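[1] Using only what follows, build the 3D model:
(4 chains, ligands or ions: 4)
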Amino acid sequence: MTQMTFARAINSGLRKSLENDPKVILMGEDIGTLGGVFRVTDGLQKDFGKHRVVDTPLAESAIMGTAVGLAYRGYRPVVEIQFDGFVYPAFDQIVSQVAKIHYRTQGAVKMPITVRIPFGGGIGSPEHHSESPEAYFTHTSGLRVVSVSNPQDAHTMIQQAIASDDPVLFFEPKRRYHDKGEVDESIDPATALSMEKARVVAEGKDVTLVAYGPLVKTAKDAAVAAADEGVSVEVIDLRSLAPVDFATLEASVRKTGRLVITHEAGQSGGLGAEVATSITERCFYHLEAAPVRVTGFDVPYPYSKLESHHLPSLDRILDGVDRALGRPNSLSGLEG
Amino acid sequence: MTQMTFARAINSGLRKSLENDPKVILMGEDIGTLGGVFRVTDGLQKDFGKHRVVDTPLAESAIMGTAVGLAYRGYRPVVEIQFDGFVYPAFDQIVSQVAKIHYRTQGAVKMPITVRIPFGGGIGSPEHHSESPEAYFTHTSGLRVVSVSNPQDAHTMIQQAIASDDPVLFFEPKRRYHDKGEVDESIDPATALSMEKARVVAEGKDVTLVAYGPLVKTAKDAAVAAADEGVSVEVIDLRSLAPVDFATLEASVRKTGRLVITHEAGQSGGLGAEVATSITERCFYHLEAAPVRVTGFDVPYPYSKLESHHLPSLDRILDGVDRALGRPNSLSGLEG
Amino acid sequence: MFTDELGQGGIPAGGPGDSAGHHGGAGESLVQLITPGGERVSHPQYDAWVQDVSDEQLGFLYEDLVVIRRIDTEATALQRQGELGLWPPLLGQEAAQIGSARSLRDDDFVFSSYRENGVAYCRGVDLADIVKVWRGNASAGWDPYTVNMATPQIIIGAQTLHATGYAMGIQNDGADSVAITYFGDGATSEGDVNEAMVFAASFQSPVVFFCSNNHWAISEPVRLQSHIRIADRAAGFGIPSIRVDGNDVLAVMAATREALERARHGGGPTFIEAVTYRMGPHTTADDPTRYRDANELEDWAAKDPIARVKGLLERKGLLTGQFEARVAAKADAVARELRAGCITMPDPEPLDIFKHVYSTPNSWLDRQEDHYSRYLASFGDPAGAHSEEGAR
Amino acid sequence: MFTDELGQGGIPAGGPGDSAGHHGGAGESLVQLITPGGERVSHPQYDAWVQDVSDEQLGFLYEDLVVIRRIDTEATALQRQGELGLWPPLLGQEAAQIGSARSLRDDDFVFSSYRENGVAYCRGVDLADIVKVWRGNASAGWDPYTVNMATPQIIIGAQTLHATGYAMGIQNDGADSVAITYFGDGATSEGDVNEAMVFAASFQSPVVFFCSNNHWAISEPVRLQSHIRIADRAAGFGIPSIRVDGNDVLAVMAATREALERARHGGGPTFIEAVTYRMGPHTTADDPTRYRDANELEDWAAKDPIARVKGLLERKGLLTGQFEARVAAKADAVARELRAGCITMPDPEPLDIFKHVYSTPNSWLDRQEDHYSRYLASFGDPAGAHSEEGAR
Ligand SMILES: Cc1ncc(C[n+]2csc(CCOP(=O)(O)OP(=O)(O)O)c2C)c(N)n1
Ligand SMILES: Cc1ncc(C[n+]2csc(CCOP(=O)(O)OP(=O)(O)O)c2C)c(N)n1
Ligand SMILES: [Mg+2]
Ligand SMILES: [Mg+2]
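    Ligands and ions are numbered 1, 2, ... in the order given. Predicted coordinates for the structure are as follows:
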């Protein structure tokens, strides 16, 4: 067990993958000499060489498209997109190529590409640096999408993602990069909890609170605060966003009868809608109240002086918990 | 009133917009001399000139990005994306520019861009020609998204979309292009039903069936078939996909207590999830059963020999209606 | 007004492919080794690249040209008869496809567009597999690894990046094979194609950019994509280019061989513009009379890629009755095999729709498959279960 | 191995900006009118473009250079003091910005990246508005129509298409204004920039592509983007280009004026490569010592854009104490105004977050605004309502 930052934990996971499989190759802007703008790839080019850790020209579609070609050739490219808002130039290659080639070729050509995306807000950045685009990808068949919430998962799941024969979009909560946690680097990713499974991170019986990535910490804090008020919150870290591990969620909601889901992405069409709908489909008769969403607003990510309003805060989550429980809340008396 | 095809009805709407506003300008691949691969812009270049109806080089990002520049200059560009699957190279310009510039500039710069996208399947085409990418855009703040289901709406709503000061993604159900219907070209789009309103296209009392674009016809046919079995289905044509006119849906569901939503797009993260979740939030205590989704599968759009399985058919919709009503259905006995 | 015809500036708006070159690098004229009349003309630089092509091999090239034209004709017929949903004819572009594809080694890898079905034939793709995707029986016709050719790309230009990435992989492997990518004149406007050149140049990767300038992108003439010669684009990326008569199978072969050799020996990418003409419609769904002149067609008919090899064979006294019979028999056999393979192709099973989306089980999809199979089972006759009109 | 250093082919992997030009069009050397030592050297072609620049005007150009360096220094200081979240320094690129921006007419329209804050100054943007976005008080600092300059673009290269579209609009309006777009060396790798050149060339639109080659894209040297000179890219699209000493304000002015005149009179687009150097970090969040050599910095310090104008003024006897005092006073005043405007800027209201997403009411958003205002109202102290730690 070592104490390390979130960023370091990913770095160490990448290092292991580079060591264990000569076909693993890292590509992206500024990931080599600089070690990435968040230093997540720090030192890797030095240790593995310029042909394994590749600084590419500034063109996201090309980074993704050449990763496809490398995958054709048997490589396992790990692509870094520098910030969430810069994934869109690569959208066509992701949606029409990365996601579809295995299907297109009836399984002949595998696309074991991992796309690392530092995502989400809370770091006071200008436009395009704080987005949560995950729902675009969870709606794209052929992709797997995961998000990590703590250094240990970050370390293990990046290795699982790279080992996956399917393409994986790997969302890293950038505002947690400097958070520290215990990491056991000796854990074997092959036998660790699969990246497709959700995890109950706090047990509770009154309400199920679902979060992922940066908001797992906030959700856990909210559960502690709720306990002070006598409310028992079960917190689930989704980990896999596509597919969502509905079995784990369903078991929890059958117990609590109430569901709150939170994410930074805008509400309409966000992952919260899928979670709410699927859980309603699966356990309608166990639900005591409509699922509650506590999310970012349907606005472009705002400038930093306003971002604290956009981001689901501990208080907004608690207010959502109150709504789910029918306790007095900000919308009390509005509707039934 | 004139009898005309769906494609012709749009053509005639485009013509009116070109006539009424010299700032309207059409851009796209093959829309000029050829009149578009579906002939929707047939004759318009001849009548309005090459500077109003512009054949562009083959580059979707550039088409969208130059439309942004034209909007900056005071124009109202109407962009044709040749097929749904070719919108992704323009995704960055749509999501990071078209959708955000009004917000970015605090209202100083308007983006009255209409993006026409022939979408959906059922025409036996190869890959990338049958997609339903609407959910990517309904999740994108700053855009309005509409879809039309009949020639009259197509004629009126394309004019409303072009007149909108906000960007509008306009989804045309390509498999209905040859369907004919009565069109009253004298209807004033300014006073006609707003493109933001849903429309009840068949009244009923047992279940609310929500559809849009190509599936409105199928939904209406399903309602007729259900009536034979004594089930009264209220069919709602969404028309606006973002924002969804939930007031109209809510009123219907408060009456019927049951909701079925259908679309061709893949289920997970599709618009059906948003509709189901929002309606559950708004009228949980009026719902007799979980909302039911009848959608395409979570697969890349399949090759044509299999597309009839992918597309929600009359029978699959009826099966969904049975599920919503708790009548015997294909999943009977599976769960509660 | 920004119409494409009003360029009044320093750059003349020349006709397709005819505008003057301002910037060297692409050679001042088309590389040609066989004239339209069938005369072998010598070329100081490129003769050497085809001097080993024997009379017999010339005969085989001729056979290839005839065979792929026949494949094209047969597939067009199958489409007209309702056996294929769509077909993108390659009529007129045979020499560009044969000359380049026959220059490749087995371990080279091809990333093409939808139109290079003659290349697929050369790579050894089963005839029925060539049309499988156009019949709607699959999203793609073959396993790319069995023939070292990716299945046709429909997103314009996307494959050029795949080829570049594959070539980067070749470099990393220390191999001397080459990736070649085919694309059209229209494709050169797409960002992806330009980005591919950026990467190929930066990494000096062994990739050949083969642009079939057939003068049209559906209804759009090449001059809308570029006022200057397409081959000149490459120099701006630091990539050498060749502009070759795309209807001259020997010239295309010479150019491709040169590019391949350069790539094999660390010389990096090359851009080839093969100047040819799309004699047919864009696809069987297209009506080119709406946008192009019959005269243009006639001009190009006079430059037919097969006629000129036939002329050369004749001059050489190689066009014997026996030879012609052999070629005709081969073409007939191929057409028969194609047709038979097409119409006897087994239809997919309904649940195939769920296969291969992922390489390992996926809980979302597995549930949908389970539900759909229950749904299908709920019908007495599963065939009735998926018509738009319904079964009940 | 496909590292960027192993190009062994025909294309030499030269150092940044020094590789030999293979293809004409961009001029064989840098256009320079003032040497680093401050000597006015004559240029047969470009002298004419600046012959009207009087001594007084030269003084004003000097003042501009000094002022925007001061704006940059002050903004960097404000960032260090926590008043700005981030700042992208323009240190070293003053001449490229002043020389080009001072060549524009009011009715020309600018589409720039985040780094052209000196251009914004020239367009008349309020000083506080320049830093507003970097303080986090807005997504963009000003109304583009009041100064005919779009707000800074962060998505690399996206603005080049906006400029091209705007220029198409100018053409349609029959006007003689011009759109100019600024972007970096790194941006030239993006598809958008290349597609912008395709459209600009096809429609012969009045747009000037102004590439500030400052040798770095964050940590990536320009040679990773291109082995050959950036200016040479343009010829491949049929666009004339000029390669100019970007640290020479007169040379930049001459080149920009030429390009603008061409565009105004129907001559279509021009590509300008201004060869300069980013003397500071990429942004205040960057640490360039991790990736670049101190020597390189020293070399470029010797080519400082301000020092050479100062030298020229001195040679001309124009550098009087009075003049120097005026310039210093102006710079001081600007810095004071910038600082005051920055720190007294009013903070936005919470519900501003919902404003201007749409130009007309939107039912989804209106409901969210209603709910959030109820939420805020549910707190006694609304300020406590949005901390991550919570108020309860
Ligand atoms: C990204 C994208 N945009 C548009 C299309 C529609 N489309 C198919 S073929 C074609 C023209 C291609 O022209 P060219 O590149 O010259 O190739 P050719 O068909 O002549 O072989 C177009 C616009 C597409 N397939 N992909
Ligand atoms: C599409 C996109 N990808 C990546 C980034 C991150 N990024 C910001 S600036 C920059 C380097 C830009 O270099 P250059 O174009 O040379 O401009 P300079 O910063 O040197 O002025 C990068 C990679 C971005 N903003 N947008
Ligand atoms: Mg073509
Ligand atoms: Mg730079």
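
[2] so who does the residue positioned nearest the centre of chain C touch?
    With distances taken as Cα atoms, centre = their mean, the residue of chain C nearest its centroid is residue C:116 (2.5 Å). By Cβ atoms under 8 Å, 6 or more residues apart in numbering or on different chains, the contact list for residue C:116 reads C:90, C:97, C:101, C:110, C:152, C:182, C:212. Quick note: C-beta positions are derived from backbone N, CA and C, even for glycine.

[3] For chain A, which segments count as helices?
    Assigned by DSSP state H, chain A shows helices spanning A:6-20, A:44-48, A:60-72, A:91-92, A:101-104, A:134-138, A:151-163, A:215-228, A:246-256, A:271-283, A:307-310, A:314-325.

[4] Figure out which of those is closest to chain C.
    Comparison of the helices of chain A against chain C by Cβ to the nearest Cβ identifies helix A:60-72 as nearest, at 2.3 Å.

[5] Spell out whether that closest one and chain D are in contact.
    Yes - judged by Cβ under 8 Å from any Cβ of the partner chain, helix A:60-72 comes into contact with chain D through A:61, A:62.

[6] and that helix with helix B:60-72, angle?
    Between the axis of helix A:60-72 and that of helix B:60-72 there is an angle of 170 degrees, by axes from the mean of the first three to the mean of the last three Cα atoms, to 10 degrees.

[7] Is any residue of helix A:60-72 near chain C?
    Yes - Helix A:60-72 comes into contact with chain C (Cβ under 8 Å from any Cβ), by way of A:61, A:62, A:64, A:65, A:66, A:67, A:68, A:69, A:70, A:71, A:72.

[8] Just the mean pLDDT for that helix, thanks.
    The pLDDT scores in helix A:60-72 average 98.

[9] can you check stretch C:47-57 too?
    Summarised as a single mean, pLDDT over stretch C:47-57 is 98.

[10] Endpoints of it, how far apart?
    End-to-end span of stretch C:47-57 (Cα to Cα, to the nearest Å): 16 Å.

[11] Next: stretch C:299-312.
    One end of stretch C:299-312 to the other measures 20 Å (Cα to Cα).

[12] same thing with stretch C:239-251?
    OK, stretch C:239-251 end separation, Cα to Cα: 20 Å.

[13] Let me know whether it sits next to chain D.
    Yes - using Cβ under 8 Å from any Cβ, stretch C:239-251 reaches chain D at C:239, C:240.

[14] hang on, the earlier thing: between the helices of chain A, which gets nearest to ligand 1?
    Proximity to ligand 1 (Cβ to the nearest ligand atom) singles out helix A:91-92 among the helices of chain A, at 7.4 Å.

[15] does any bit of that closest one sit next to chain C?
    Yes - contact between helix A:91-92 and chain C, assessed by Cβ under 8 Å from any Cβ, occurs at residue A:92.

[16] That helix and ligand 1, are they touching?
    No - Helix A:91-92 does not reach ligand 1 (Cβ under 6 Å from any ligand atom); its nearest approach is 7.4 Å.

[17] ditto for stretch C:153-160
    Yes - contact of stretch C:153-160 with ligand 1 (Cβ under 6 Å from any ligand atom) involves C:154, C:155, C:156.

[18] what's the distance between the first one and chain D?
    In this case it means residue C:154. According to Cβ to the nearest Cβ, to the nearest Å, residue C:154 and chain D sit 18 Å apart.

[19] rewinding a little: check the contacts of residue C:116 against residue A:283 and report the nearest one.
    residue C:152 (45.7 Å; Cβ to Cβ).

[20] follow-up on the earlier one: please produce JSON lines containing the contacts of residue C:116, extended by secondary structure.
    Converted to JSON lines, the contacts of residue C:116 look like this (DSSP: H, G, I helix; E, B strand; the rest coil):
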{"residue": "C:90", "secondary structure": "coil"}
{"residue": "C:97", "secondary structure": "helix"}
{"residue": "C:101", "secondary structure": "helix"}
{"residue": "C:110", "secondary structure": "strand"}
{"residue": "C:152", "secondary structure": "coil"}
{"residue": "C:182", "secondary structure": "strand"}
{"residue": "C:212", "secondary structure": "strand"}
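
[21] among these, which are in reach of chain D?
    Among these, no residue is within reach of chain D (Cβ under 8 Å from any Cβ).

[22] Show me which of those residues is closest to ligand 4.
    Set against ligand 4, the nearest of these by Cβ to the ion is residue C:182 (33.9 Å).

[23] what's the distance between that closest one and ligand 3?
    Using Cβ to the ion, to the nearest Å, we find residue C:182 at a distance of 11 Å from ligand 3.

[24] How many neighbouring residues does that residue have?
    Neighbourhood size, residue C:182 [other Cβ atoms under 10 Å in any protein chain shown]: 29.

[25] beta partners of it?
    residue C:210 (DSSP bridges).

[26] so it makes contact with residue C:117?
    No - using Cβ atoms under 8 Å, residue C:182 is not in contact with residue C:117, being 10.8 Å away.

[27] circling back: quick one: which of the contacts of residue C:116 is the most crowded by neighbours?
    When neighbours are counted by other Cβ under 10 Å, residue C:97 leads these with 31 neighbours.

[28] Report the spatially nearest residue to that residue, omitting neighbours in sequence.
    Excluding the flanking residues, the one nearest residue C:97 by Cβ to Cβ, 6 or more residues apart in numbering or on different chains is residue C:118, at 3.6 Å.

[29] Kindly list the main-chain dihedrals of residue C:276?
    Dihedral angles of residue C:276 (phi, psi; degrees, to the nearest 10) stand at phi -140, psi -160.

[30] before we move on, the earlier item: for the residue nearest to residue C:97, give me phi and psi.
    The phi/psi pair for residue C:118 (degrees, to the nearest 10) is phi -70, psi -30.

[31] where does it sit relative to residue C:158, distance-wise?
    Distance, residue C:118 to residue C:158, by Cβ to Cβ, to the nearest Å: 21 Å.

[32] do residue C:272 as well
    Using Cβ to Cβ, residue C:272 is found at 19 Å from residue C:158.

[33] more neighbours, residue C:118 and residue C:158?
    The neighbour comparison of residue C:118 against residue C:158 (other Cβ under 10 Å) goes to residue C:158, with 29 against 26.

[34] tell me the pLDDT at the more buried one?
    Here the pLDDT value assigned to residue C:158 is 98.

[35] Output the below-cut-off pLDDT ranges for the chain.
    Here I'm looking at chain A. For chain A, the stretches with pLDDT under 70 are A:335-336.

[36] not what I meant, chain C
    Low-confidence segments of chain C (pLDDT under 70): C:1-28, C:381-392.

[37] got the domain boundaries for it?
    With domains defined by automatic domain parsing, chain C comprises C:16-343, C:350-386.

[38] For the shortest one, which residues meet the burial criterion?
    Translated: domain C:350-386. Using 16 or more other Cβ atoms under 10 Å in any protein chain shown as the test for burial, domain C:350-386 gives C:350, C:352-354, C:356-358, C:362-365, C:367-369, C:372, C:374-376, C:378-379, C:385-386.
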